[in-house]
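> Everything below, folded, please.
(chains A and B)
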Amino acid sequence: MKRPEPVQIVKQRRDVALRALVSGVPYIQYLGMKFDRRGDELTGVLPFDEKLIGNPLLPALHGGVTAAFLEVTAMITLSWSYLWEDIENGNLDFDPVEGMRLPRLPKTVDFSVDYLRSGLPRDAYARAHVNRSGRRYASVHVEGWQDKRTKLFAQATGHFVMPQRR
Amino acid sequence: MTDRLKIARQFIEAIPHSRDLGMTLTDMEDGVAVITMPYDERLIGDPETGVISGGAVSAVMDTCCGAAVMSHPANMGGTATIDLRIDYMRAATPGQIITARAVCYHVTRSVAFVRATATDDDADNPVATATGAFTVEGK
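Below you'll find the predicted structure:
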(Lines give C-alpha, C1' and ligand atoms only; values in the text may rest on other atoms or scores of the structure.)
Protein backbone atom coordinates (compact mmCIF):
# COMPACT_ATOMS: atom_id res chain seq x y z
CA MET A 1 0.00 0.00 0.00
CA LYS A 2 1.16 3.51 -0.84
CA ARG A 3 2.02 5.64 2.19
CA PRO A 4 -0.14 8.76 2.52
CA GLU A 5 1.62 12.01 1.58
CA PRO A 6 3.02 14.10 4.44
CA VAL A 7 0.39 16.53 5.75
CA GLN A 8 2.50 19.65 5.01
CA ILE A 9 2.79 18.73 1.32
CA VAL A 10 -0.96 18.23 1.00
CA LYS A 11 -1.73 21.49 2.82
CA GLN A 12 0.82 23.47 0.86
CA ARG A 13 -0.51 22.25 -2.48
CA ARG A 14 -4.08 23.17 -1.52
CA ASP A 15 -3.09 26.57 -0.13
CA VAL A 16 -0.99 27.45 -3.20
CA ALA A 17 -3.94 26.57 -5.45
CA LEU A 18 -6.34 28.66 -3.37
CA ARG A 19 -3.93 31.60 -3.34
CA ALA A 20 -3.50 31.37 -7.11
CA LEU A 21 -7.27 31.45 -7.53
CA VAL A 22 -7.88 34.43 -5.22
CA SER A 23 -4.82 36.68 -5.26
CA GLY A 24 -4.80 37.20 -9.03
CA VAL A 25 -8.13 39.05 -9.03
CA PRO A 26 -7.75 42.78 -8.23
CA TYR A 27 -11.42 43.23 -7.28
CA ILE A 28 -11.17 40.55 -4.54
CA GLN A 29 -8.16 42.44 -3.16
CA TYR A 30 -10.04 45.76 -3.40
CA LEU A 31 -12.92 44.38 -1.29
CA GLY A 32 -10.34 43.01 1.17
CA MET A 33 -11.82 39.51 0.98
CA LYS A 34 -10.07 36.42 2.27
CA PHE A 35 -10.86 32.70 2.10
CA ASP A 36 -10.66 30.31 5.02
CA ARG A 37 -10.07 26.67 4.11
CA ARG A 38 -10.88 23.56 6.16
CA GLY A 39 -10.18 20.52 3.97
CA ASP A 40 -12.17 21.27 0.81
CA GLU A 41 -14.64 23.61 2.59
CA LEU A 42 -14.23 27.33 1.87
CA THR A 43 -15.59 30.28 3.81
CA GLY A 44 -15.45 33.74 2.28
CA VAL A 45 -14.50 36.40 4.84
CA LEU A 46 -15.14 40.12 4.34
CA PRO A 47 -13.44 42.18 7.09
CA PHE A 48 -15.36 45.39 7.76
CA ASP A 49 -14.04 48.59 6.22
CA GLU A 50 -15.48 52.15 6.10
CA LYS A 51 -15.38 52.17 2.30
CA LEU A 52 -17.90 49.29 2.19
CA ILE A 53 -20.69 51.37 3.78
CA GLY A 54 -23.82 52.07 1.74
CA ASN A 55 -25.93 53.82 4.37
CA PRO A 56 -23.90 56.13 6.61
CA LEU A 57 -26.89 56.87 8.91
CA LEU A 58 -27.47 53.31 10.16
CA PRO A 59 -24.60 52.51 9.25
CA ALA A 60 -25.02 49.47 6.94
CA LEU A 61 -22.99 47.63 4.30
CA HIS A 62 -23.68 48.70 0.70
CA GLY A 63 -26.15 46.35 -1.04
CA GLY A 64 -23.73 46.17 -3.96
CA VAL A 65 -20.94 45.07 -1.62
CA THR A 66 -23.18 42.33 -0.21
CA ALA A 67 -23.99 41.17 -3.76
CA ALA A 68 -20.32 41.29 -4.78
CA PHE A 69 -19.19 39.41 -1.67
CA LEU A 70 -21.71 36.61 -2.27
CA GLU A 71 -20.92 36.47 -5.99
CA VAL A 72 -17.17 36.20 -5.43
CA THR A 73 -17.70 33.49 -2.80
CA ALA A 74 -19.97 31.55 -5.19
CA MET A 75 -17.53 31.89 -8.08
CA ILE A 76 -14.41 30.90 -6.13
CA THR A 77 -16.19 27.98 -4.43
CA LEU A 78 -17.40 26.76 -7.84
CA SER A 79 -13.89 26.97 -9.33
CA TRP A 80 -12.45 25.29 -6.26
CA SER A 81 -14.84 22.34 -6.45
CA TYR A 82 -14.18 22.02 -10.17
CA LEU A 83 -10.39 22.04 -9.65
CA TRP A 84 -10.34 19.90 -6.52
CA GLU A 85 -9.63 16.55 -8.21
CA ASP A 86 -6.77 18.06 -10.23
CA ILE A 87 -5.30 19.74 -7.15
CA GLU A 88 -5.43 16.47 -5.20
CA ASN A 89 -3.92 14.46 -8.04
CA GLY A 90 -1.22 17.03 -8.68
CA ASN A 91 -2.42 17.53 -12.26
CA LEU A 92 -1.92 21.31 -12.20
CA ASP A 93 1.39 23.03 -12.94
CA PHE A 94 2.62 23.32 -9.40
CA ASP A 95 5.57 25.38 -8.29
CA PRO A 96 6.01 26.38 -4.63
CA VAL A 97 7.42 29.77 -5.69
CA GLU A 98 5.63 30.58 -8.94
CA GLY A 99 2.32 29.14 -7.80
CA MET A 100 -0.07 27.47 -10.20
CA ARG A 101 -1.35 28.20 -13.65
CA LEU A 102 -5.09 27.86 -13.30
CA PRO A 103 -7.98 27.91 -15.75
CA ARG A 104 -10.00 31.11 -16.02
CA LEU A 105 -12.87 31.75 -13.63
CA PRO A 106 -16.47 30.83 -14.52
CA LYS A 107 -18.56 33.66 -16.01
CA THR A 108 -21.68 34.83 -14.19
CA VAL A 109 -24.85 34.56 -16.26
CA ASP A 110 -27.23 35.86 -13.61
CA PHE A 111 -27.17 36.48 -9.88
CA SER A 112 -30.19 36.98 -7.65
CA VAL A 113 -29.71 38.36 -4.16
CA ASP A 114 -32.20 38.11 -1.33
CA TYR A 115 -31.53 40.85 1.27
CA LEU A 116 -32.79 39.51 4.59
CA ARG A 117 -31.55 42.17 7.04
CA SER A 118 -29.19 45.09 6.80
CA GLY A 119 -25.46 44.29 6.80
CA LEU A 120 -23.97 45.52 10.07
CA PRO A 121 -20.67 47.41 10.24
CA ARG A 122 -18.67 44.29 11.16
CA ASP A 123 -17.06 41.27 9.47
CA ALA A 124 -19.19 39.10 7.19
CA TYR A 125 -18.87 35.44 6.23
CA ALA A 126 -20.26 33.41 3.34
CA ARG A 127 -20.36 29.80 2.23
CA ALA A 128 -21.54 28.54 -1.12
CA HIS A 129 -23.06 25.25 -2.17
CA VAL A 130 -22.80 24.04 -5.77
CA ASN A 131 -26.33 22.84 -6.63
CA ARG A 132 -25.21 21.45 -9.94
CA SER A 133 -22.10 21.76 -12.01
CA GLY A 134 -22.15 20.36 -15.53
CA ARG A 135 -19.67 20.59 -18.38
CA ARG A 136 -21.00 23.97 -19.51
CA TYR A 137 -23.27 25.42 -16.83
CA ALA A 138 -23.48 25.53 -13.04
CA SER A 139 -26.01 26.63 -10.44
CA VAL A 140 -24.69 27.85 -7.07
CA HIS A 141 -26.41 28.92 -3.85
CA VAL A 142 -24.61 31.07 -1.29
CA GLU A 143 -25.44 32.20 2.25
CA GLY A 144 -24.02 35.21 4.09
CA TRP A 145 -24.02 35.85 7.84
CA GLN A 146 -22.27 38.04 10.39
CA ASP A 147 -22.52 37.06 14.04
CA LYS A 148 -24.76 34.02 14.05
CA ARG A 149 -24.39 31.30 11.41
CA THR A 150 -28.13 30.61 11.40
CA LYS A 151 -29.12 34.30 11.17
CA LEU A 152 -28.40 35.10 7.52
CA PHE A 153 -28.21 38.73 6.39
CA ALA A 154 -28.35 37.78 2.72
CA GLN A 155 -28.46 34.76 0.43
CA ALA A 156 -28.22 34.40 -3.33
CA THR A 157 -28.45 31.98 -6.24
CA GLY A 158 -26.50 32.39 -9.44
CA HIS A 159 -25.87 30.63 -12.72
CA PHE A 160 -22.46 30.42 -14.31
CA VAL A 161 -20.87 29.36 -17.60
CA MET A 162 -17.92 27.06 -16.90
CA PRO A 163 -14.48 27.91 -18.31
CA GLN A 164 -13.27 25.67 -21.13
CA ARG A 165 -10.31 23.45 -20.21
CA ARG A 166 -7.04 24.56 -21.72
CA MET B 1 -28.63 71.91 -12.33
CA THR B 2 -31.79 72.02 -10.22
CA ASP B 3 -31.53 72.30 -6.43
CA ARG B 4 -33.28 68.96 -6.08
CA LEU B 5 -30.71 67.22 -8.27
CA LYS B 6 -27.91 68.98 -6.44
CA ILE B 7 -29.15 67.71 -3.06
CA ALA B 8 -29.72 64.20 -4.42
CA ARG B 9 -26.26 64.22 -5.94
CA GLN B 10 -24.68 65.21 -2.62
CA PHE B 11 -26.65 62.45 -0.90
CA ILE B 12 -25.49 59.73 -3.32
CA GLU B 13 -21.94 61.01 -3.35
CA ALA B 14 -21.87 60.95 0.48
CA ILE B 15 -22.29 57.16 0.44
CA PRO B 16 -18.78 55.91 1.28
CA HIS B 17 -18.80 52.94 -1.10
CA SER B 18 -20.27 54.91 -4.01
CA ARG B 19 -17.76 57.71 -3.44
CA ASP B 20 -14.91 55.21 -3.31
CA LEU B 21 -15.94 53.83 -6.72
CA GLY B 22 -16.18 57.36 -8.16
CA MET B 23 -19.92 57.18 -8.91
CA THR B 24 -21.56 60.36 -10.20
CA LEU B 25 -25.31 60.97 -10.27
CA THR B 26 -26.09 62.66 -13.57
CA ASP B 27 -29.91 62.56 -13.48
CA MET B 28 -32.57 61.84 -10.87
CA GLU B 29 -36.21 62.78 -11.29
CA ASP B 30 -39.68 61.20 -11.01
CA GLY B 31 -38.50 57.64 -10.49
CA VAL B 32 -35.64 57.70 -13.02
CA ALA B 33 -31.96 57.84 -12.04
CA VAL B 34 -28.72 57.77 -14.04
CA ILE B 35 -25.33 57.08 -12.41
CA THR B 36 -21.92 56.76 -14.05
CA MET B 37 -18.89 54.88 -12.76
CA PRO B 38 -15.41 55.31 -14.29
CA TYR B 39 -13.22 52.35 -15.29
CA ASP B 40 -10.81 51.51 -12.47
CA GLU B 41 -8.06 48.86 -12.40
CA ARG B 42 -8.96 48.02 -8.78
CA LEU B 43 -12.28 46.63 -10.05
CA ILE B 44 -10.81 44.11 -12.51
CA GLY B 45 -12.38 40.67 -12.18
CA ASP B 46 -10.53 39.00 -15.06
CA PRO B 47 -6.82 39.90 -14.97
CA GLU B 48 -6.21 38.38 -18.43
CA THR B 49 -8.58 40.77 -20.19
CA GLY B 50 -8.88 43.70 -17.74
CA VAL B 51 -12.68 43.33 -17.68
CA ILE B 52 -14.25 44.66 -14.47
CA SER B 53 -15.91 42.29 -12.02
CA GLY B 54 -19.65 41.64 -12.03
CA GLY B 55 -19.59 42.70 -8.38
CA ALA B 56 -18.66 46.28 -9.31
CA VAL B 57 -21.54 46.34 -11.81
CA SER B 58 -23.83 45.13 -8.98
CA ALA B 59 -22.73 48.05 -6.82
CA VAL B 60 -23.59 50.69 -9.42
CA MET B 61 -26.88 48.93 -10.27
CA ASP B 62 -27.92 48.77 -6.59
CA THR B 63 -27.06 52.43 -5.99
CA CYS B 64 -28.88 53.53 -9.15
CA CYS B 65 -32.02 51.49 -8.35
CA GLY B 66 -32.08 52.97 -4.82
CA ALA B 67 -31.74 56.49 -6.25
CA ALA B 68 -34.63 55.85 -8.66
CA VAL B 69 -36.85 54.73 -5.75
CA MET B 70 -35.89 57.80 -3.69
CA SER B 71 -36.72 60.10 -6.58
CA HIS B 72 -40.21 58.64 -7.06
CA PRO B 73 -42.91 61.09 -5.87
CA ALA B 74 -44.77 58.32 -3.96
CA ASN B 75 -41.77 57.50 -1.75
CA MET B 76 -41.17 59.93 1.09
CA GLY B 77 -37.81 58.89 2.45
CA GLY B 78 -35.02 56.39 2.14
CA THR B 79 -35.14 52.83 0.87
CA ALA B 80 -33.49 49.44 1.24
CA THR B 81 -33.05 46.56 -1.22
CA ILE B 82 -35.39 43.59 -0.70
CA ASP B 83 -34.19 41.68 -3.73
CA LEU B 84 -32.05 42.38 -6.76
CA ARG B 85 -31.42 40.14 -9.74
CA ILE B 86 -28.74 40.95 -12.28
CA ASP B 87 -28.33 39.40 -15.73
CA TYR B 88 -24.87 39.76 -17.24
CA MET B 89 -25.13 39.93 -21.01
CA ARG B 90 -21.56 40.67 -21.99
CA ALA B 91 -18.18 41.83 -20.65
CA ALA B 92 -17.86 45.61 -20.20
CA THR B 93 -15.15 46.95 -22.50
CA PRO B 94 -12.02 47.77 -20.43
CA GLY B 95 -11.33 51.50 -20.13
CA GLN B 96 -14.91 52.63 -20.72
CA ILE B 97 -17.30 54.37 -18.29
CA ILE B 98 -20.25 52.32 -17.03
CA THR B 99 -23.60 54.13 -17.12
CA ALA B 100 -26.52 52.70 -15.14
CA ARG B 101 -30.07 53.91 -15.77
CA ALA B 102 -32.82 52.77 -13.39
CA VAL B 103 -36.58 53.25 -13.65
CA CYS B 104 -38.86 52.81 -10.67
CA TYR B 105 -41.92 51.71 -12.67
CA HIS B 106 -44.39 50.86 -9.92
CA VAL B 107 -44.81 51.80 -6.25
CA THR B 108 -47.29 50.37 -3.74
CA ARG B 109 -47.68 51.43 -0.08
CA SER B 110 -44.84 49.11 0.89
CA VAL B 111 -42.83 48.08 -2.19
CA ALA B 112 -41.13 49.82 -5.13
CA PHE B 113 -40.40 47.84 -8.31
CA VAL B 114 -37.35 48.82 -10.35
CA ARG B 115 -35.67 47.91 -13.64
CA ALA B 116 -32.17 48.99 -14.62
CA THR B 117 -29.73 48.73 -17.51
CA ALA B 118 -25.95 49.16 -17.51
CA THR B 119 -24.08 50.13 -20.66
CA ASP B 120 -20.59 51.20 -21.74
CA ASP B 121 -19.78 53.29 -24.87
CA ASP B 122 -21.84 50.91 -27.00
CA ALA B 123 -25.12 52.15 -25.52
CA ASP B 124 -27.37 49.98 -27.73
CA ASN B 125 -25.84 46.78 -26.48
CA PRO B 126 -26.33 46.48 -22.67
CA VAL B 127 -23.62 45.03 -20.42
CA ALA B 128 -26.17 43.99 -17.78
CA THR B 129 -29.79 44.42 -16.77
CA ALA B 130 -31.33 44.28 -13.30
CA THR B 131 -34.74 43.93 -11.73
CA GLY B 132 -35.39 44.58 -8.07
CA ALA B 133 -37.85 45.18 -5.26
CA PHE B 134 -37.13 47.91 -2.70
CA THR B 135 -38.78 49.04 0.55
CA VAL B 136 -41.00 52.14 0.62
CA GLU B 137 -40.92 54.28 3.73
CA GLY B 138 -44.21 55.34 5.33
CA LYS B 139 -46.01 58.60 4.75
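
> which one is residue 111 nearest to, not counting chain neighbours?
Since no chain was named, I'll use chain A. residue A:158 (4.0 Å; Cβ to Cβ, 6 or more residues apart in numbering or on different chains). Every residue, glycine included, has its C-beta placed from N, CA and C.

> The chain in question should be chain B.
residue B:133 (5.5 Å).

> Got phi/psi on the residue nearest to residue A:111?
Dihedral pair for residue A:158: phi -140, psi 160, per degrees, to the nearest 10.

> quick one, what contacts it?
Residue A:158 makes contact with A:71, A:74, A:108-112, A:139-140, A:142 under the criterion Cβ atoms under 8 Å, 6 or more residues apart in numbering or on different chains.

> Which residues are in contact with residue A:151?
Residue A:151 neighbours (Cβ under 8 Å, 6+ apart): A:117, A:145.

> Repeat that for residue B:91.
For residue B:91, the contacting residues are B:46, B:49, B:51, B:127, by Cβ under 8 Å, 6+ apart.

> Over to residue A:34?
If you count contacts by Cβ under 8 Å, 6+ apart, residue A:34 has them with A:22, A:44-45, A:47.

> In these, which residue is surrounded by the most others?
Within the contacts of residue A:34, residue A:44 tops the neighbour count with 27 neighbours, counted by other Cβ atoms under 10 Å in any protein chain shown.

> Near residue 89, how many other residues are there?
Using chain A. Counted with other Cβ under 10 Å, residue A:89 comes out at 8.

> was after chain B, sorry
13.

> Could you check how far the closest residue to it other than its chain neighbours is from chain A?
Excluding the flanking residues, the one nearest residue B:89 by Cβ to Cβ, 6+ apart is residue B:126, at 5.6 Å. Per Cβ to the nearest Cβ, to the nearest Å, residue B:126 is found 13 Å from chain A.

> Surely residue B:126 is in contact with residue B:120?
No - contact criterion Cβ atoms under 8 Å: residue B:126 and residue B:120 do not qualify, at 9.2 Å.

> Which of these two has more residues huddled nearby?
Set residue B:126 next to residue B:120 and count neighbours by other Cβ under 10 Å: residue B:120 wins out with 20 against 17.

> In contact with the closest residue to that one other than its chain neighbours: list those residues for me.
Leaving aside its chain neighbours, residue B:120 sits nearest to residue B:96 (4.0 Å; criterion: Cβ to Cβ, 6+ apart). Listed by Cβ under 8 Å, 6+ apart, the contact set of residue B:96 reads B:39, B:120-121.

> can I get the residues you listed in CSV with distance to residue A:56?
Below are the contacts of residue B:96 laid out as CSV (distance: Cβ to Cβ, whole Å):
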residue, distance to residue A:56
B:39, 26
B:120, 29
B:121, 32
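
> Need the distance between the two termini of stretch A:18-33.
End-to-end distance of stretch A:18-33: 13 Å, with Cα to Cα, to the nearest Å as the criterion.

> what about the most centrally placed residue in chain A, which SS state?
Centroid-nearest residue in chain A: residue A:73, 2.9 Å away (criterion: Cα atoms, centre = their mean). Put simply, residue A:73 is helix when judged by DSSP: H, G, I helix; E, B strand; the rest coil.

> That one: what's it in contact with?
So residue A:73 contacts A:42, A:44, A:126-128, A:142, A:144 (Cβ under 8 Å, 6+ apart).

> Can you give me the pLDDT of it?
We note a pLDDT of 98 for residue A:73 in this prediction.

> Same check on residue A:101?
68.

> could you point out where the chain is predicted with low confidence?
Just going to use chain A. A:1, A:93-101, A:165-166 (pLDDT under 70).

> my bad, chain B
Looking along chain B with the criterion set at pLDDT under 70, you get B:1, B:138-139.

> neighbours around residue A:19, how many?
13.

> Packing partners of the strand or helix carrying it?
According to DSSP states H and E, residue A:19 maps onto helix A:7-23. Judged by 3 or more Cβ pairs under 8 Å, 6 or more residues apart in numbering or on different chains; DSSP states H and E, helix A:7-23 is in contact with strand A:34-38, helix A:63-89, strand A:94-95, strand A:99-100.
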